[in-house]
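K.L.:
sequence plus the predicted model coming up.
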Amino acid sequence: MNIPNFLSLLRIILVPVFVIFLIQSEYDRALVTFVVAGLTDALDGTLARLLKCQTTLGAYLDPIADKLLLVTSFVTLAIYGLIPGWLAVIVISRDFIILLGIAILTLMSISYEIRPAIVGKITTALQVATIFLALLYKAVTHDFGYYWIIALCWTTALFTVISGLVYIFRGIGILNKSVPEEVDK
């Protein structure tokens, strides 16, 4: 077990802690927990590269920890009315479609390389910002207005849909390249 893998495990452990704080309406603690989990995400990848200790376990653990934190956050925040439910459905549906595509490619024994698209990275940043601002809104005085959060939710939804389409088209492209074309006789 190396430090980056430990940080990914810590992020997974922080997910139920985060949910418990939300259930107890302790939004300030939920916000701190979310920020700490986000910092472990930034640190684990950086440390893995700097210390040259990238592992197969880490390659699986890091994205699992990321998705677990984001999906759990969106579902819980939607249940408690801090973000719109439709946004949680869009975010989770995109991730499900991506995982389904990966499963199909794997089952068909088609080799592929997972490269994050720029729009995917922007989407992740917007999703994290949406969760952060929703928690901040509940944790501190409401000086910045709920309309900013709603605008961010719509922006996040738009980028989530666009990035989902980008990944779908990439998957279709990989499938098309792997299927040999039939020759007319």
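P.N.:
In hand now; what should we look at? Note that the coordinates shown come from a computational prediction; the quantities given were computed from them, not determined experimentally.
K.L.:
measure Leu136 to Leu165 for me?
P.N.:
30 Å (Cβ to Cβ, to the nearest Å). Using the backbone N, CA and C atoms, a C-beta is placed for each residue, glycine as well.
K.L.:
neighbour count winner among these two?
P.N.:
Leu136 (17 against 13; other Cβ atoms under 10 Å).
K.L.:
pull the number of nearby residues for Val91.
P.N.:
That count, for Val91 with other Cβ under 10 Å as the rule, works out to 25.
K.L.:
chain center to stretch 125-143, what's the gap?
P.N.:
16 Å (Cα atoms, centre = their mean, to the nearest Å).
K.L.:
tell me the buried residues in the strand or helix carrying Ala37?
P.N.:
Taking DSSP states H and E as the criterion, Ala37 maps to helix 27-50. For helix 27-50, the neighbour count (16 or more other Cβ atoms under 10 Å) marks 27, 29-31, 33-34, 37-38, 40-41, 43-45, 47-48 as buried.
K.L.:
can you name every helix or strand that that helix contacts?
P.N.:
Applying 3 or more Cβ pairs under 8 Å, 6 or more residues apart in numbering; DSSP states H and E, we find helix 27-50 packed against helix 3-23, helix 56-79, helix 118-139.
K.L.:
for those helices, which one sits closest to Thr156?
P.N.:
Smallest distance to Thr156 across those (Cβ to Cβ): 4.3 Å, for helix 118-139.
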